[in-house]
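Only the shape, not the letters, is given here:
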């Protein structure tokens with residue numbers, strides 16, 4: 001099957017592209033000129049890369065008309081850690097997503113899986129369920145993602161393109177931005193420094209990036225439509241995760257300063273995915289959290 005992936009150079013997209021090739025698909029990708037492809041160095045020569053601006057259909061419409069993708073994973077988004085929550089680039093991403101949908105429709109693509117976020121929900125509900133929990137995003141990022149979901153779904157209905165919207169919870173694993181919780185903690189401990197964290201009582205639904213990519217594939221080949229949570233359905237306290245990281249690093253919690261970083265105001269106690277809809281696709285997580293964290297630590301150990 002000819003599969004188009006946007007955002008293949010990013011954390012999620014790079015793992016997804018690798019799995020799609022393993023499945024035997026013909027993978028093509030739209031990347032912005034000048035984008036680093038270091039995350040896909042191991043399979044770059046097996047992907048047809050189209051250098052184009054997603055907001056400018058004229059820069060890639062001809063290629064898609066030739067390729068005629070049978071499936072598109074739309075992963076590309078502005079994702080600079082620490083900035084993406086409020087960055088104005090979120091608005092550009094809404095525009096480019098609609099342009100992509102229209103171009104896919106013209107190229108005869110029958111199916112699109114877009115990537116959203118659990119930040120579209122009202123986090124005060126803890127257990128978040130599609131079409132039950134209200135969507136009341138409190139950030140520009142969450143609002144832009146939610147608006148994109150609604151617009152893509154409406155465009156899909158008009159054009160006959162089947163759509164599913166994958167709301168990711170907390171992906172982690174090799175290749176994650178090093179300023180995020182797990183890499184930041186692991187790197188400090190591997191360097192012999194003390195790790196600094198918040199109080200750690202918050203419970204979150206972390207999912208290994210390979211499981212996340214596999215879940216996206218499962219959703220794509222299923223009959224699922226609309227929003228689909230991508231999580232494990234289990235939440236773990238941040239302090240427990242930090243303890244597992246410390247153990248994998250050969251350190252202990254005596255080397256961690258819990259409470260050194262203030263938690264954001266209004267930080268919810270728990271964010272966990274309701275997963276009945278995802279599990280209806282047949283997908284299940286394959287990695288225990290302890291194993292996934294140990295894998296991540298080993299990946300970072302080679303880069304210290």
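Sure, I can see it. Just so you know, these numbers come straight off a predicted model, no measurement behind them.

residue boundaries of the strands in the stretch 101-250 of the chain?
Counting by DSSP state E, counting those that start in this stretch, the stretch 101-250 of the chain forms strands over residues 111-117, 127-128, 162-168, 170-172, 195-196, 203-204, 206-208, 226-230, 236-237, given from the N-terminal end onward.

Could you tell me the angle between the first one and strand 226-230?
Using axes from the mean of the first three to the mean of the last three CA atoms, to 10 degrees, the direction of strand 111-117 lies 60 degrees away from that of strand 226-230.

Residues contacting strand 111-117, please?
Strand 111-117 is touched from outside by 7, 12, 70-75, 77, 97, 101, 104, 141-142, 145-146, 148-149, 152, 156, 161-168, 216, 219-220, 227, with contacts defined as CB atoms under 8 Å, 6 or more residues apart in numbering. In short, each C-beta sits where N, CA and C put it, glycine included.

the inter-axis angle of it versus strand 162-168?
Relative orientation of strand 111-117 with respect to strand 162-168: 20 degrees, computed using the same axes, to 10 degrees.

What strands flank strand 111-117, and is each parallel or antiparallel?
The partner list of strand 111-117 in its sheet, established with DSSP bridges, is strand 71-74 (parallel), strand 162-168 (parallel).

Please identify the deepest-packed of those strands.
Ranked by mean neighbour count under mean count of other CB atoms under 10 Å, the strands paired with strand 111-117 are led by strand 71-74, which reaches a mean of 27.

Check the offset of it from the chain's centre.
From the chain centre to the centre of strand 71-74 is a distance of 13 Å (CA atoms, centre = their mean, to the nearest Å).

average pLDDT across that strand?
Averaging pLDDT along strand 71-74 gives 98.

export the strands of the stretch 101-250 of the chain to a markdown table and tack on distance to residue 264?
Output for the strands of the stretch 101-250 of the chain, formatted as a markdown table (distance: least, CB to CB, whole Å):
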| stretch | distance to residue 264 |
| --- | --- |
| strand 111-117 | 16 |
| strand 127-128 | 18 |
| strand 162-168 | 19 |
| strand 170-172 | 15 |
| strand 195-196 | 15 |
| strand 203-204 | 13 |
| strand 206-208 | 18 |
| strand 226-230 | 22 |
| strand 236-237 | 16 |
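
would you list those in JSON lines and tack on mean pLDDT and distance to residue 45?
Formatted as JSON lines, the entries for the strands of the stretch 101-250 of the chain read as follows, by pLDDT from 0 to 100; distance: least, CB to CB, whole Å:
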{"stretch": "strand 111-117", "mean pLDDT": "98", "distance to residue 45": "25"}
{"stretch": "strand 127-128", "mean pLDDT": "98", "distance to residue 45": "40"}
{"stretch": "strand 162-168", "mean pLDDT": "98", "distance to residue 45": "28"}
{"stretch": "strand 170-172", "mean pLDDT": "97", "distance to residue 45": "26"}
{"stretch": "strand 195-196", "mean pLDDT": "96", "distance to residue 45": "39"}
{"stretch": "strand 203-204", "mean pLDDT": "98", "distance to residue 45": "37"}
{"stretch": "strand 206-208", "mean pLDDT": "98", "distance to residue 45": "26"}
{"stretch": "strand 226-230", "mean pLDDT": "98", "distance to residue 45": "29"}
{"stretch": "strand 236-237", "mean pLDDT": "98", "distance to residue 45": "39"}
